[in-house]
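Asker: next one to model:
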Amino acid sequence: MTDLEGSFVTNVDSLAEHYAKPTERLLKKRLDHVNAVGRAFIAASPFLVLATGSGEGLDCSPKGDRPGFVEVADDGRMLLIPDRRSNNLIDGLRNLVEDACIGLIFFVPGVNETYRVNGRARISTDADLRRRFAVNGKEPATVMVVTVEQAFPHCPKALVRSDLWKAASGARPQGVPPRNQ
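Answerer: Prediction:
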């Protein structure tokens, strides 16, 4: 590998030199709440990636359920996300106890755009809230209550370039090991 030491970016100004400025229209898409477009996207989304961090490190966890499993408050300033039991590692939840910052990216299969929400989350064990998210009689272990600080539709270019949805229409790609290996 070549010597990369002299090529690392060490400040924001030198980083910005390598990119065009975002358009004003794009900057105006960033809202402090989930609007009607975001509400519809989240209602159609059966899958999201949740990003958290703490002094212990970072975590990106997939979360999924039936479309609309995440509820948006009437004013668009709060999301409710049930956390169902799975592998019980609870890395992301553990991070949220230490640092409430959260990032979410919602996906809808076959749609190249995503919807992004950044904010702060707390974890609730409230019995009524957990019952509200019961599926087939099973309540989630907890419910994340996310205060929205920033929300916006995300550019489709990464999903278009990756051809993710086309690739997902066939059998498991050759060379990808099964989960249990």
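
Asker: contact partners for the most centrally placed residue in the chain?
Answerer: With distances taken as C-alpha atoms, centre = their mean, the residue of the chain nearest its centroid is residue 104 (2.3 Å). Each residue near residue 104 by C-beta atoms under 8 Å, 6 or more residues apart in numbering is listed here: 48, 49, 50, 51, 79, 81, 116, 117, 118, 146. Where you see a C-beta, it was placed from the backbone N, CA and C, and this is true even at glycine.

Asker: shaky segments in the chain?
Answerer: Low-confidence segments of the chain (pLDDT under 70): 1, 167-170, 181.

Asker: about what we covered before: okay if I get the contacts of residue 104 as TSV plus neighbour count, secondary structure and distance to residue 172?
Answerer: Output for those, formatted as TSV (neighbours: other C-beta atoms under 10 Å; DSSP: H, G, I helix; E, B strand; the rest coil; distance: C-beta to C-beta, whole Å):
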residue	neighbour count	secondary structure	distance to residue 172
48	23	strand	23
49	16	strand	21
50	23	strand	25
51	16	strand	26
79	25	strand	33
81	22	strand	29
116	18	strand	29
117	25	strand	31
118	17	strand	33
146	26	strand	33
